[in-house]
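Student: quick one, fold the following:
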Amino acid sequence: MLTLVRGRDDRLRHLMRGLRRQSARPRELVIAWMQPEPAPDLPDPGCPVRHLHVPGEPMPLAAARNRAAAAAEGDLLIFLDVDCIPGPGLVAAYAQAAATRDGLFLGEVLYLPPGAAHHDETVLDRLGRAHPARPPVPQAGLRPEPDAGQLWGLSFALPARAWRAVGGMDEAFAGYGGEETDLAARLGASGLPAFWVGGARAYHQHHPVHVPPLQHFEPILANAARFRERHGRWCMTYWLGQFRDAGLIAWDEGADAIRLLRSPTPPEIAASLRPNALFS
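Tutor: Sure thing, here's the model as predicted:
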């Protein structure tokens, strides 16, 4: 199990307690800290814990995943976002999937309302909501997914050798956005099939979101342009469309480049914050 952390110590503690409740515990937990020091007084997740320090500004998301994957000892890499609480069957479901097929494995994530993280899984199942942009996940077993681009960094797994074969994440994607979609495109091009995994459920702990994510405006534009240059198509088109509609950029999906009209102002960024929204 691998996760990245910057300043979300409380979320990490819920993740670690969730690992202790697993029906099949992970071999280890690798934590890539994108901050100077690990958090104190962490709970016992029921498995060995390895701590890595991965500095960088803006947040070195791709580099942190690469360092965590390089340090992991297991044959299966399970990536879980620090905001996520693993359901009790998550590790077992991913492990069973990997024992059955070779592939990129995608797990279900339910989004929780504010203040729900302290409840047990029965309540979390009732309170959690599936993201409207995600397809339904089977109750059990595997369902092929023809679009590897459905990979979402909140929860996924793949063989360590498949990660190494494509070189992991491209660290030229700096800051927020694009690095996961780029990885998915390269995995798909390598011939690795993708599957939704029944039973690999996680619960996303609530935090305020920006709609659109204006606080990541510059990295999103830069990373979208890098993705377009490599793959001949755009990613993050939903956000780019929101930026266009806000009068910040001139762009459409047939464009060769994004033309910057203006950057968002601090009041606009503040006004985009949605404290109670579940999805960005």
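Student: and M169, what is it in contact with?
Tutor: Applying C-beta atoms under 8 Å, 6 or more residues apart in numbering to M169 gives the contacts 61-63, 65-66, 179-180, 182-183. Just so you know, the C-beta spots here come from the backbone N, C-alpha and C atoms, and that holds for glycine as well.
Student: if we use 6 Å, what do you get?
Tutor: Taking C-beta atoms under 6 Å, 6 or more residues apart in numbering, we find M169 in contact with 62, 65-66, 179, 183.
Student: got the phi/psi numbers for the closest residue to R228 other than its chain neighbours?
Tutor: Computed as C-beta to C-beta, 6 or more residues apart in numbering, the closest residue to R228 that is not its neighbour in sequence is W234, at 5.3 Å. As for W234, its main-chain torsions (degrees, to the nearest 10) stand at phi -90, psi 150.
Student: let me know how buried W234 is, in neighbour terms.
Tutor: Summarising burial for W234: neighbours were counted as other C-beta atoms under 10 Å, giving 20.
Student: how far away is it from P26?
Tutor: Using C-beta to C-beta, to the nearest Å, W234 is found at 36 Å from P26.
Student: quick one: strands adjacent to the strand ranked longest in the chain?
Tutor: Secondary structure of the chain per DSSP state E: the longest strand is strand 194-204. The strands that strand 194-204 pairs with in its sheet are strand 84-86 (antiparallel), strand 104-111 (parallel), strand 142-145 (antiparallel) (by DSSP bridges).
Student: so after the last one, what's the next helix or strand?
Tutor: Past strand 142-145, heading to the C-terminal end, the next element that is a helix or strand (DSSP states H and E) is strand 155-159.
Student: touching the next helix or strand after that following strand from outside, list them.
Tutor: Beyond strand 155-159 in the direction of the C-terminus, DSSP H and E gives the next helix or strand as helix 160-165. The set of residues that contact helix 160-165 without belonging to it, under C-beta under 6 Å, 6+ apart, is 69, 75, 77, 192.
Student: so where do the helices sit in this protein?
Tutor: Using DSSP state H, the helices found in the chain span residues 9-20, 61-71, 90-100, 121-127, 160-165, 179-189, 217-231, 237-245, 266-271.
Student: give me every residue that touches the residue most central in space within the chain.
Tutor: If you average the C-alpha coordinates of the chain and look for the closest C-alpha using C-alpha atoms, centre = their mean, you land on G153, 1.9 Å from that point. G153 makes contact with E180 under the criterion C-beta under 6 Å, 6+ apart.
Student: and it, its phi and psi?
Tutor: The phi/psi pair for G153 (degrees, to the nearest 10) reads phi -70, psi -10.
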